[in-house]
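[1] Below is the sequence, then the predicted model.
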Amino acid sequence: MARQEEDAAAARLYDSLGPPLFRYALMILGRRDAAEDVIQQVFTAVIDRGTRHISAPETYLRTAVRNACYSQLRAGRVRGLDTSPGEEILEAVPGAAEPISTEDRLALEAGLQALPAEQREVVHLHVFEGLTFKEVAAATGEPANTVASRYRYALEKLRTRFLGLP
């Protein structure tokens, strides 16, 4: 492929997958600036290396974003979550009959921000991307039982936070 074709292919990938991958990175990292850095890092690598080697772009890029997010977390580059108002980590809930109120959305975002990154990631992939636990396990490289447990723990923490139930 000529360089122009490679750049155009990378631009198409960014246009179609950039926004959901950004939301994924934001859900894991909890900080807009860190998520932007990850997306820039991943797509810069794609542009530099080209798209010929990518056979399953969505899976490849999600894995690259995930790895970059956890590298930042391990290296301590992400310090604290950004819980400032307006830092929306949620997108529209698929299939929701009514839009969520701003107050409820902010409360839910704060609850999600309080979860560990691994639990936020599982919630995002299962709820917002509609992946089954088996698919989440494949996407994260974790056993399906671990994924299901993280989801259950996340729901328990949210239930305790919002309903005061154990």
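    Looks like it arrived, so ask away. Residues are numbered from 1 along each chain as shown.
[2] The worst-scoring helix or strand of the chain on mean pLDDT: what's the following helix or strand?
    Among the helices and strands of the chain, helix 102-113 carries the lowest confidence by mean pLDDT, DSSP states H and E, at a mean of 83. Once the chain leaves helix 102-113, the next helix or strand it forms, by DSSP states H and E, is helix 117-123.
[3] helices or strands up against that next one?
    Applying 3 or more CB pairs under 8 Å, 6 or more residues apart in numbering; DSSP states H and E, one finds that helix 117-123 contacts helix 3-29, helix 57-74, helix 102-113, helix 133-140, helix 144-163. Using the backbone N, CA and C atoms, a C-beta is placed for each residue, glycine as well.
[4] Distance to Asp37 and mean neighbour count added to those, as JSON lines?
    Formatted as JSON lines, these follow (distance: least, CB to CB, whole Å; neighbours: other CB atoms under 10 Å):
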{"stretch": "helix 3-29", "distance to Asp37": "9", "mean neighbour count": "17"}
{"stretch": "helix 57-74", "distance to Asp37": "8", "mean neighbour count": "18"}
{"stretch": "helix 102-113", "distance to Asp37": "18", "mean neighbour count": "15"}
{"stretch": "helix 133-140", "distance to Asp37": "21", "mean neighbour count": "18"}
{"stretch": "helix 144-163", "distance to Asp37": "25", "mean neighbour count": "15"}
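[5] how about these, which one is nearest Ala35?
    Minimum separation from Ala35 across the helices and strands packed on helix 117-123 (CB to CB) falls at helix 3-29, 3.8 Å.
[6] I'd like the average pLDDT over that closest one.
    In this model, helix 3-29 has a mean pLDDT of 87.
[7] just how off-centre is that helix within its chain?
    13 Å (CA atoms, centre = their mean, to the nearest Å).
[8] repeat for stretch 114-123
    Distance, stretch centre to chain centre, for stretch 114-123: 9 Å (CA atoms, centre = their mean).
[9] returning to that earlier point: now the helices and strands packed on helix 117-123 in TSV, with distance to Ala45?
    Formatted as TSV, the helices and strands packed on helix 117-123 follow (distance: least, CB to CB, whole Å):
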stretch	distance to Ala45
helix 3-29	10
helix 57-74	7
helix 102-113	28
helix 133-140	19
helix 144-163	27
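[10] looking at the ones you listed, which is closest to His124?
    It's helix 3-29; of those, that one is closest to His124 (CB to CB) at 4.0 Å.
[11] Which SSE is immediately downstream of the closest one?
    Beyond helix 3-29 on the C-terminal side, the first helix or strand identified by DSSP H and E is helix 32-49.
[12] Thanks a lot, see you next time.
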